[in-house]
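Undergrad: This is the structure alone, sequence omitted:
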């Protein structure tokens, strides 16, 4: 099996779905001919499928989302791209009030099979408007599914599931994982939503996290193994539906939980997970649940400040040592 | 207004008090400062005084109740006044959040008159000030499953919290019951002092000890003691004991081994400037350890006078709490009981202890000649978290050097 990058795996998934079903089309700012998106995920697809199925749009996130909702309820399967996750704010009404609620408010007479792709995370020194991690906002909106793939194998299987899902899926990526490589099968496969993956088995502490933090957690786990601390790492892969079963089983085994995401701390996904675990596994906890997040400030532009803002290996390791 | 009488902290190490005897009963008229109740705290008996003039309206606890400090124990006010409906937490009652303490006692502290700086040791307490035990939910669940009383468990988690492994450790020492038909002669409930000893020795045994043993030639000390006593007895009317000389030798040796004069708090080893030698003494009720403060700055005669006085007051139960706390190293001598050698248990939160056997005439080889010498076995146990075998060996060797050449000591 070939090792390919996350970017290549994602593009392969999109391409295979476009070949499989001609209702699938891509739209977004600069996703089309020559350019292929700010992160080059769709590069070459316009050339292969034509400009009708890989469409450049005006710089208007509200329009992109609104057009995608319209296309979805009238028989197409749009994969719309918002260039930076921060800019979804401009499309919030279409996403949260329209796409998320239509199936419910129309009594099941329609569904909204759209995929809205976007990218979160810092580390590129591109300041507060292009570096945030806002996934928890969408967890708070019933009616949306949320995929958060962090690895190449998962991104291909999850984009296929997202495209085949009859309901709106927020498909979030991370800027620093596009170049991460992993073995990815060339054949067709899907990964069901709501199934977390145990990335590493361990006995002493469970680490739950998302995106680039999972890559860091794996490094930390290797480091801590030398100190005799055995770390289990759980990647939820989707936040909605959320696999609590795998997490709870893990916590029942280890008795300890560290939650690691790049989000600012207050109201982050980690807060929700901590609440769920104490509700469902209180008697198994052998230490307080620890959260490792960014501080509650805008993402700094200054490189040293940004470096300080994003949780690093040292902070993750310290949080683990604190409770083991 | 109704005044609340509380369980007061009467000594540094005290975390709760046991009610021994009420000197007044409900309805009695009391004066501010008048003794109301006798209690036992950590290692001493105390009388608690009335905080106000008035009538003793209500007594909230009975004899033998264990009450955490700052909890109410009685209300005093005017006749007919309504008392608050607040009851104290009792460590000896209730099942879930119950009895005794399982924590390091406070680090030695003597009043600091000068503005000297002293490292402040962070505390790691298994009990909250309210007396509630800190235990993880998982530990509580495990304790319930295994039927283990949390109050008897020593917490090793963050901040002294009891975690699952502490319960598993405690399980290996699970409660004993007598359910068969062996005839019972007598059941004797542990005295408060005995309970304190039990708890602290259990706490100590949680930490890995290693013990070094050596034999010390005390012939010169025996001669020296005779010499000193000829003069001291005339002047002070007491005889110095071998133990007094050894306490002095230990204190002098500790000046060169600061890690033996220390307490481990979390990840910090707090080394003390003062060298306060705890001298283990047997009483009818149990072991007590009065402290010879700054023994390295005292002469052997001064140490002798002090320990004789401790012994006298120990027998009449008159030792003050400050005399029973604050030691930084303990010497335990079972020579008077004709014991040759024993392996001691560290007196927590200290890091080391010295145990001594009896001095006996024995054949010894010196310059290839067998001659009669006065020999004594000594063993030094150290907390292996802090100290290894090599430094423990060096410490014993240094002590041996001083005792075998005692003319270098300050008398």
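TA: Ah, there it is. All values reported here derive from a predicted model rather than from experimental measurement.
Undergrad: would residue A:219 count as being in a helix?
TA: Yes - with DSSP: H, G, I helix; E, B strand; the rest coil as the criterion, residue A:219 is part of a helix.
Undergrad: how near is the closest residue to it other than its chain neighbours to residue A:218?
TA: What sits nearest to residue A:219 in space, not counting adjacent residues and going by Cβ to Cβ, 6 or more residues apart in numbering or on different chains, is residue A:313, at 5.8 Å. Bear in mind the C-beta positions are built from the backbone N, C-alpha and C, glycine included. Distance, residue A:313 to residue A:218, by Cβ to Cβ, to the nearest Å: 10 Å.
Undergrad: how about the nearest residue to residue 255, chain neighbours excluded?
TA: With no chain named, the answer covers chain A. Ranked by Cβ to Cβ, 6+ apart and with sequence neighbours excluded, the top spatial neighbour of residue A:255 is residue A:286, at 3.4 Å.
Undergrad: Let me rephrase: I mean chain B.
TA: With Cβ to Cβ, 6+ apart as the measure, residue B:296 is the residue that lies nearest to residue B:255, at 5.6 Å, once sequence neighbours are left out.
Undergrad: Confirm that the one you found sits in a helix.
TA: Yes - in this structure, residue B:296 lies within a helix as judged by three-state DSSP.
Undergrad: domain assignment for chain B?
TA: Segmentation of chain B into domains, based on automatic domain parsing, reads B:3-77, B:94-106+B:123-172+B:191-206, B:209-408.
Undergrad: got a markdown table for those domains, with mean neighbour count and mean pLDDT too?
TA: Supplementary listing: these in a markdown table, determined by neighbours: other Cβ atoms under 10 Å in any protein chain shown; pLDDT from 0 to 100:
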| stretch | mean neighbour count | mean pLDDT |
| --- | --- | --- |
| domain B:3-77 | 19 | 88 |
| domain B:94-106+B:123-172+B:191-206 | 19 | 74 |
| domain B:209-408 | 18 | 92 |
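Undergrad: Can you say which of these is nearest to residue A:242?
TA: Residue A:242 lies closest, by Cβ to Cβ, to one member of the domains of chain B: domain B:94-106+B:123-172+B:191-206, at 22.4 Å.
Undergrad: thinking the residue nearest to residue A:255 is in contact with residue B:162, fair?
TA: No - counting by Cβ atoms under 8 Å, residue A:286 does not reach residue B:162; the two are 9.6 Å apart.
Undergrad: more crowded one of residue A:313 and residue A:218?
TA: For residue A:313 and residue A:218, the more surrounded residue by other Cβ atoms under 10 Å in any protein chain shown is residue A:218, and the numbers stand at 18 against 12.
Undergrad: burial of the residue nearest to residue A:255, as a residue count?
TA: As a burial measure, the neighbour count of residue A:286 was computed by other Cβ under 10 Å and equals 28.
Undergrad: got the phi/psi numbers for the closest residue to residue A:195 other than its chain neighbours?
TA: Leaving aside its chain neighbours, residue A:195 sits nearest to residue A:243 (5.6 Å; criterion: Cβ to Cβ, 6+ apart). With angles defined as degrees, to the nearest 10, residue A:243 sits at phi -80, psi 100.
Undergrad: do the one 4 residues further on as well
TA: Residue A:247 adopts backbone torsions of phi -70, psi -50, taken as degrees, to the nearest 10.
Undergrad: For residue B:285, give me its contacts.
TA: Neighbour list for residue B:285: B:191, B:193, B:194 [criterion: Cβ atoms under 8 Å, 6 or more residues apart in numbering or on different chains].
Undergrad: for the first one, what are its contacts?
TA: This points to residue B:191. Contacts for residue B:191 were tallied using Cβ under 8 Å, 6+ apart; they are B:285, B:286.
Undergrad: quick one on the thing from earlier: now the residue nearest to residue A:195: how far from residue B:310?
TA: In this structure, residue A:243 and residue B:310 are 66 Å apart, going by Cβ to Cβ.
Undergrad: do residue B:407 as well
TA: As it turns out, when the distance is counted by Cβ to Cβ, residue B:407 lies 28 Å from residue B:310.
Undergrad: Please look at residue A:174 and residue A:211 and confirm they touch.
TA: Yes - between residue A:174 and residue A:211 there is a contact at 3.9 Å, judged by Cβ under 8 Å.
Undergrad: Find residues that contact each of these two.
TA: Both residue A:174 and residue A:211 are in contact with A:120, A:121, A:150, where contact means Cβ under 8 Å, 6+ apart.
Undergrad: Show me those that map onto helices.
TA: The subset of those located in helices under the criterion DSSP state H is empty.
Undergrad: May I see those arranged in a markdown table, with distance to residue A:159, pLDDT and neighbour count as well?
TA: Formatted as a markdown table, the entries for the shared contacts of residue A:174 and residue A:211 read as follows, by distance: Cβ to Cβ, whole Å; pLDDT from 0 to 100; neighbours: other Cβ atoms under 10 Å in any protein chain shown:
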| residue | distance to residue A:159 | pLDDT | neighbour count |
| --- | --- | --- | --- |
| A:120 | 16 | 98 | 25 |
| A:121 | 18 | 97 | 26 |
| A:150 | 13 | 98 | 25 |
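Undergrad: In CSV: the residues you listed, plus distance to chain B.
TA: As requested, the shared contacts of residue A:174 and residue A:211 are exported to CSV (distance: Cβ to the nearest Cβ, whole Å):
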residue, distance to chain B
A:120, 32
A:121, 31
A:150, 29
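Undergrad: My read is that residue B:259 contacts residue B:351, right?
TA: Yes - Residue B:259 is in contact with residue B:351 according to Cβ under 8 Å; the separation is 6.7 Å.
Undergrad: Give me the common contacts of these two.
TA: What both residue B:259 and residue B:351 touch, as defined by Cβ under 8 Å, 6+ apart, is the set B:269, B:386, B:387.
Undergrad: Test of understanding: give the bridge partners of the first one.
TA: The residues paired with residue B:269 through beta bridges, assigned by DSSP bridges, are residue B:264.
Undergrad: from what I can see it touches residue B:258, true?
TA: No - under the criterion of Cβ under 8 Å, residue B:269 lies out of contact with residue B:258, with a separation of 9.2 Å.
Undergrad: Between the two, which contacts overlap?
TA: Shared contacts of residue B:269 and residue B:258 (Cβ under 8 Å, 6+ apart): none.
Undergrad: my read is residue B:278 is in a strand, agree?
TA: Yes - with the criterion set as three-state DSSP, the secondary structure at residue B:278 is a strand.
Undergrad: and it, what does it touch?
TA: Neighbour list for residue B:278: B:289, B:290, B:291, B:292, B:327, B:328, B:329, B:330, B:331, B:347, B:350 [criterion: Cβ under 8 Å, 6+ apart].
Undergrad: Can you report phi and psi for residue A:95?
TA: Geometry field for residue A:95 lists phi and psi as phi -70, psi -50, criterion degrees, to the nearest 10.
Undergrad: Show me whatever sits in contact with both of residue A:286 and residue B:162.
TA: B:136, B:139.
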